[in-house]
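**Q** Next come a sequence and a model predicted from it.
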Amino acid sequence: MRVSVVIPALNEAPTVAGVVAAVLADAPHEVLVIDADSTDRTAEEATAAGATVLNWRAVLPEIPPQPGKGESLWRGVAAATGDIVVFIDADLERPAAGMVTALTTPFADPRIHLVKADYRRTFRGQPTGGGRVTELTAKPLIRVLHPQLAHINQPLAGEYAVRRATALRLPFAAGYGVEAGLLLDVARLHGPTAVTQVDLGVRRHRNRPLAELAPMADVVAATLLGRGVGARPPLSDILQP
């Protein structure tokens, strides 16, 4: 199976090159950085590291982009040519090689459609404590509303993989609701056993202040409650056969 790596990026010049180098070590079919109009050197750093950089306006140019991470992922799936799409966040610090291989190995089982990363999240120099939106918003709501998915330890993980054929059939929620939306939609289409997870060790990234996390939590909660807005339609409705 051919593997496309999609890295959504907005002003991630300090870390994007290291992320690109880490995923290239696994020799995927392609590495696409979807740049959402960065104003720093994100595009230049990613290109120098060996990625193909696409401005999000150049993918499906007939459709003006709307703000949010979900938009970059949606356009990344449209641009990808692999059988499996692996999403990796651009803000990882000290990313290790092997992520792509670990996330794609479970697809040897044809029943698997989505593979989420599992990891421990650092916080302000401590080995645990990160992932506050996950622990205080996403996981409690999933345990109550979608208990069949409660075994997924990092439902909002930005590192995950999906069969492209499956991704083409799914709507992509706007902004930071995209991971929660895809998790629910894959389970709805193929059952909860179509979702699995792999241990990627420790995740280090930029911890955001509460002022930024609160709006993220609002969007995630709305998505899990079935009230997400602004979702992009399935790409299968747009792309030519």
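**A** Ah, there it is. Values in this document were obtained by computation on a predicted structure and should not be read as measured data.
**Q** elements contacting the lengthiest helix in the chain?
**A** Across the chain, the helix with the greatest residue count (assigned by DSSP state H) is helix 210-224. In this structure, helix 210-224 packs against helix 132-133, helix 139-145, helix 178-190, with contacts taken as 3 or more Cβ pairs under 8 Å, 6 or more residues apart in numbering; DSSP states H and E. C-beta: built from backbone N, CA, C; applies to glycine.
**Q** ok, now which ones touch the closest residue to Asp83 other than its chain neighbours?
**A** Once flanking residues are discounted, Asp83 sits nearest to Met1: 4.2 Å by Cβ to Cβ, 6 or more residues apart in numbering. Contacts for Met1 (Cβ atoms under 8 Å, 6 or more residues apart in numbering) come out as 82-84, 104, 107.
**Q** again with Gly68
**A** Contacts of Gly68 by Cβ under 8 Å, 6+ apart are 174-176, 178, 230.
**Q** could you redo the last one with a cut-off of 10 Å?
**A** The neighbourhood of Gly68, defined by Cβ atoms under 10 Å, 6 or more residues apart in numbering, consists of 8, 10, 36, 74, 172-178, 219, 230, 232.
**Q** Now do the same contact list for Arg2.
**A** Residues near Arg2 by Cβ under 10 Å, 6+ apart: 28-30, 80-84, 164.
**Q** Just the helices from the protein, written as ranges.
**A** Under DSSP H, the chain gives helices at 16-24, 42-49, 69-79, 99-104, 132-133, 139-145, 164-167, 178-190, 210-224.
**Q** What are the contacting residues of the longest one?
**A** Outside of helix 210-224, the residues within contact range by Cβ under 10 Å, 6+ apart are 68-70, 132-134, 136-142, 144-146, 149, 155-156, 173-184, 207-208, 227-231.
**Q** Could you turn the buried ones of the residues you listed into a PyMOL selection?
**A** This is how PyMOL selects the buried members of the contacts of helix 210-224, with burial counted by 16 or more other Cβ atoms under 10 Å:
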select buried, resi 68+69+70+132+133+134+137+138+139+141+142+146+149+155+156+173+174+175+176+177+178+179+180+181+182+183+184+207+228+231
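**Q** Sweet, I'm off.
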